[in-house]
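**Student:** sequence plus predicted model, see below.
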Protein chains: 6
Amino acid sequence: MGTVPLVHDDAAGALALVVFDEIRAARGTDYVNNFWRALAMDPDLLAATWARLQAVMAPGTLDPLTKELIYIAVSVTNGCGYCVHSHTAASRGKSMTPAQHAELLPVIAMSAQTNALATALQVETDDRFQA
Amino acid sequence: MGTVPLVHDDAAGALALVVFDEIRAARGTDYVNNFWRALAMDPDLLAATWARLQAVMAPGTLDPLTKELIYIAVSVTNGCGYCVHSHTAASRGKSMTPAQHAELLPVIAMSAQTNALATALQVETDDRFQA
Amino acid sequence: MGTVPLVHDDAAGALALVVFDEIRAARGTDYVNNFWRALAMDPDLLAATWARLQAVMAPGTLDPLTKELIYIAVSVTNGCGYCVHSHTAASRGKSMTPAQHAELLPVIAMSAQTNALATALQVETDDRFQA
Amino acid sequence: MGTVPLVHDDAAGALALVVFDEIRAARGTDYVNNFWRALAMDPDLLAATWARLQAVMAPGTLDPLTKELIYIAVSVTNGCGYCVHSHTAASRGKSMTPAQHAELLPVIAMSAQTNALATALQVETDDRFQA
Amino acid sequence: MGTVPLVHDDAAGALALVVFDEIRAARGTDYVNNFWRALAMDPDLLAATWARLQAVMAPGTLDPLTKELIYIAVSVTNGCGYCVHSHTAASRGKSMTPAQHAELLPVIAMSAQTNALATALQVETDDRFQA
Amino acid sequence: MGTVPLVHDDAAGALALVVFDEIRAARGTDYVNNFWRALAMDPDLLAATWARLQAVMAPGTLDPLTKELIYIAVSVTNGCGYCVHSHTAASRGKSMTPAQHAELLPVIAMSAQTNALATALQVETDDRFQA
């Protein structure tokens, strides 16, 4: 029902299978979700996107759950329903509690609201905010 | 230079002054930034927005810096330059390090990228992601 | 400072001059604002855009000020600073009062907020809302 | 099918039930639409959002239908399908005629179009548009 | 299931039927897709949109497939699922190969990514980029 | 004036200097534009972004100018002024003519317009568009 067919294991080439196996190993599940199966329409794009995602979402000075919450926030703002679903699920997999989910949403909504107000008012940036 | 004049203290009515004073007290500074001075074109809107922001950004199951990072992420995605500046400054005021800032940006960028891919592919939501 | 130079009257071709004169006549002013002077990089695009705008914004079952307020709302949401400025000015030219402006902004902001919430929750459309 | 379950009356806590009853009373119907039932995942967020919506959408210097049309315009621009459906239905409930609906759409579309053109041209704001 | 019913041939007025026939003739098919049948809720809007689309998408200094790819890119960025589907299909009808589709997607995704980075950094425009 | 300082050569570390030199070599100019100097706040992000951009924008089944036009289209739709400027300049560097520029803009604008209409109408995807 997408713009490309999903690539199932029996139709996947060698590179796509390598990535699918990496996804399974990283997540400890046999399931490969639709995003990666659609992206396999181009194995190079699949491999590059998966590799970059692993690098970006790895623990660092920000913890993995914080990164997932930020991912949800961007996905909501871009209106990507699939992404909202998949990263909400991923956040739960990284121990997001219902209370944290409930506290995330008004932050996103408040930002959307003041973004609109600042844009409507065309507020000029205060000198002290500039680097 | 905005669509409304900034309201300075000497032109502000009683309600706006109360909010300006709350802003100063909450932040421990005499400075009231342009967003609030523009919003004072409607004192009720000013008061309601400030009150709600305080409630939403208060510490809870998510810490204040995490909330600011989420605010930056939404502001970037909405393309609100003023908001990006003010919440980057606020994050620094809440002890965001340069390393954290540097780690935030690729998460936002990665999300923007996979949001676009998922939308271009019109990926259908996996059953297991649904609540 | 844009991506194309502004076309001033002395450099404008015949078609652009006709449109510039229509703009002046429609508005009762000698001033042609920068949008139209930039768009004159392609006189056909200039003429088609101006003609369509006149048709769309003409009084009908919605009055001209209502149409300008809707235009502001879309421009804010798209983050087009120029458009927010020009249509806020146009709304004032069509008698928008400061009270109306102050009442417009929270409607835009409230919508931005509940749009974000509905997207974050991935709310399914109620059957009764469908045509 | 959303990211959270809908909260039906028999599972709702006291605060959520109060809001559900206010929604029913305000609209003269027993039906509470999915948005509010999803938002009830956090009763405080539900109550704050409902209260603010009532305040913002109340008749004032802009009439209720004008406010709904603005809400549709923002929802379309943000790409929130649920919101487009619910506020189109709400506009009909506030007596939007098919002719008004047909006249609203090209205003939204025209704005989207000139927003894109102004952004592509990076038109600088005319001095006379600034407050 | 949209916000307006689709207008089928037997319910269409004279103007809508003329446009439907033009669509059929231009595409060499009896099928008129849902967008045009929904837009027929306002025959004037239908006619104006179809006429403008034909003018804009005609071969010129950019070839028709390039124009369709640009249309996909904008539709993805605006998050319009219907439009992504219809213009991906149209691109295939204009001989877009799977390899071209696979090469289009990372350009869109890369742009989304650097757009986010440039906005997060609030990079100032280099003098040499200005017209 | 951004959210981070620009990194000039004398303050750049070894990795950033390598990337700056690659940028100079690839473009045949000594000039490194502000985006890369801001991104050098994180040399790893700088290097990863530059490497990926080179891979994505390389000639393939789509020619380099077509890719730049697509980049402009996405940047316009995301409202990234810096990006619109830099990729319009890059397109000129890849021989975009004024006529091509003038033909690109209405395609972007037309798409923005029909995206809005399809979203306002909540048009359902035709079965035949699905992969």
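**Tutor:** Okay, I see it. Numbering: from 1, shown residues only, chains lettered A, B, ... in the order given.

**Student:** so is the longest helix along chain A next to chain D?
**Tutor:** Determined from DSSP state H, the single longest helix within chain A is helix A:98-121. Yes. On the criterion Cβ under 8 Å from any Cβ of the partner chain, helix A:98-121 is in touch with chain D at A:98, A:101-102, A:105-106, A:109, A:116. (C-beta placed from N, C-alpha, C; glycine too.)

**Student:** now list the buried members of these.
**Tutor:** Buried residues within these, counting neighbours by 16 or more other Cβ atoms under 10 Å in any protein chain shown: A:101-102, A:105-106, A:109, A:116.

**Student:** give me the residue from chain A nearest chain D.
**Tutor:** For chain A and chain D, the shortest gap (Cβ to the nearest Cβ) falls at A:A102, measuring 3.7 Å.

**Student:** still on that earlier bit, are the longest helix of chain A and chain C in contact anywhere?
**Tutor:** Yes. Remark: helix A:98-121 sits within contact range of chain C at A:104-105, A:108-117, A:119-121, by Cβ under 8 Å from any Cβ.

**Student:** need the residue closest to the centroid of chain A.
**Tutor:** A:Y71 (4.7 Å; Cα atoms, centre = their mean).

**Student:** isn't it up against A:H87?
**Tutor:** Yes. Between A:Y71 and A:H87 there is a contact at 4.5 Å, judged by Cβ atoms under 8 Å.

**Student:** between the two, what contacts are shared?
**Tutor:** Shared contacts of A:Y71 and A:H87 (Cβ atoms under 8 Å, 6 or more residues apart in numbering or on different chains): B:S111.

**Student:** right, and out of the residues of helix A:98-121 next to chain C, which lies closest to A:V4?
**Tutor:** Nearest to A:V4 among the residues of helix A:98-121 next to chain C: A:I108, at 30.1 Å, using Cβ to Cβ.

**Student:** who are the neighbours in contact with the closest one?
**Tutor:** Neighbours of A:I108 in contact, by Cβ under 8 Å, 6+ apart: A:72-73, A:76-77, B:70, B:74, C:116-117, C:120.

**Student:** biggest separation within those residues, which pair?
**Tutor:** Of all pairs drawn from the contacts of A:I108, the greatest distance, 14.3 Å, lies between B:I70 and C:L117 (Cβ to Cβ).

**Student:** in what helix or strand does the nearest residue to A:L6 once chain neighbours are set aside lie?
**Tutor:** In space, and not counting its chain neighbours, A:L6 is closest to A:R37: 4.0 Å by Cβ to Cβ, 6 or more residues apart in numbering or on different chains. In the assignment (DSSP states H and E), A:R37 maps to helix A:34-39.

**Student:** immediately after that helix, which helix or strand?
**Tutor:** Next element after helix A:34-39 (DSSP H and E): helix A:43-57.

**Student:** so stretch A:53-72, near chain B or not?
**Tutor:** Yes. Using Cβ under 8 Å from any Cβ, we find that stretch A:53-72 touches chain B at A:53, A:56-57, A:60-62, A:66-67, A:69-71.

**Student:** so which of those wins on neighbours?
**Tutor:** When neighbours are counted by other Cβ atoms under 10 Å in any protein chain shown, A:L69 leads those with 29 neighbours.

**Student:** tell me which element that one falls in.
**Tutor:** Going by DSSP H and E, A:L69 is part of helix A:64-78.

**Student:** for A:A25, same thing?
**Tutor:** A:A25 belongs to helix A:14-27 when assigned by DSSP H and E.

**Student:** can I get that helix in PDB, CA atoms only?
**Tutor:** What follows is helix A:14-27, C-alpha atoms only, in PDB (Å, rounded to 0.1, in the frame of the first residue of the first chain):
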ATOM      1  CA  ALA A  14      22.900 -10.000   0.000                       C
ATOM      2  CA  LEU A  15      23.400  -6.400   1.300                       C
ATOM      3  CA  ALA A  16      19.700  -6.000   2.400                       C
ATOM      4  CA  LEU A  17      19.900  -9.400   4.200                       C
ATOM      5  CA  VAL A  18      23.000  -8.200   6.100                       C
ATOM      6  CA  VAL A  19      21.200  -5.100   7.300                       C
ATOM      7  CA  PHE A  20      18.100  -7.000   8.200                       C
ATOM      8  CA  ASP A  21      20.300  -9.300  10.300                       C
ATOM      9  CA  GLU A  22      21.900  -6.400  12.000                       C
ATOM     10  CA  ILE A  23      18.500  -5.000  12.800                       C
ATOM     11  CA  ARG A  24      17.500  -8.300  14.300                       C
ATOM     12  CA  ALA A  25      20.600  -8.600  16.300                       C
ATOM     13  CA  ALA A  26      20.500  -5.000  17.600                       C
ATOM     14  CA  ARG A  27      16.900  -5.400  18.800                       C
END
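
**Student:** quick one: that helix to helix A:43-57, angle?
**Tutor:** Helix A:14-27 runs at 20 degrees relative to helix A:43-57, counting by axes from the mean of the first three to the mean of the last three Cα atoms, to 10 degrees.

**Student:** domains in chain A, by residue range?
**Tutor:** Per the record, chain A has its domains at A:1-58, A:59-131, by automatic domain parsing.

**Student:** just name the most buried of these.
**Tutor:** Of all the domains of chain A, domain A:59-131 has the most neighbours on average by mean count of other Cβ atoms under 10 Å in any protein chain shown, namely a mean of 22.

**Student:** for the record, mean pLDDT for that one?
**Tutor:** Domain A:59-131 carries an average pLDDT of 97.

**Student:** mind checking the end-to-end distance for it?
**Tutor:** End-to-end distance for domain A:59-131: 27 Å, by Cα to Cα, to the nearest Å.

**Student:** distance between that domain and the chain's centre?
**Tutor:** 11 Å (Cα atoms, centre = their mean, to the nearest Å).

**Student:** is chain D within reach of stretch A:63-77?
**Tutor:** No. Applying Cβ under 8 Å from any Cβ, one finds stretch A:63-77 out of contact with chain D, separated by at least 8.7 Å.

**Student:** wait, does that stretch make contact with chain C?
**Tutor:** Yes. Remark: stretch A:63-77 sits within contact range of chain C at A:72, A:76-77, by Cβ under 8 Å from any Cβ.

**Student:** which residues are contacting that stretch?
**Tutor:** A:56-58, A:62, A:83-84, A:87-88, A:90-91, A:94-96, A:100, A:104, A:107-108, A:111-112, B:62, B:66, B:69-70, B:73-74, B:76-78, B:104, B:107-108, B:110-112, B:115, C:116, C:119-120, E:116.

**Student:** then stretch A:124-131?
**Tutor:** Contacts for stretch A:124-131 (Cβ under 8 Å, 6+ apart): B:1-2, B:31, B:33-34, B:81-82, B:85-86, B:88-89, F:1-5.

**Student:** is chain B within reach of stretch A:21-31?
**Tutor:** Yes. Using Cβ under 8 Å from any Cβ, we find that stretch A:21-31 touches chain B at A:Y31.

**Student:** please state the backbone phi and psi of the residue of chain A found nearest chain E?
**Tutor:** Distances between chain A and chain E by Cβ to the nearest Cβ are smallest at A:D42, namely 3.6 Å. The phi and psi values for A:D42, taken as degrees, to the nearest 10, are phi -130, psi 100.

**Student:** residues contacting the nearest residue to it once chain neighbours are set aside?
**Tutor:** Using Cβ to Cβ, 6+ apart and skipping residues adjacent in sequence, the residue nearest A:D42 is E:A102, 3.6 Å away. Neighbouring residues of E:A102 by Cβ under 8 Å, 6+ apart: A:41-42, A:45.

**Student:** tell me the one among the residues you listed nearest to F:A26.
**Tutor:** A:L45 (22.1 Å).

**Student:** about what we covered before: can you pull the contacts of the residue nearest to A:L6?
**Tutor:** Going by Cβ under 8 Å, 6+ apart, A:R37 touches A:6-8.

**Student:** thanks a lot, see you next time.
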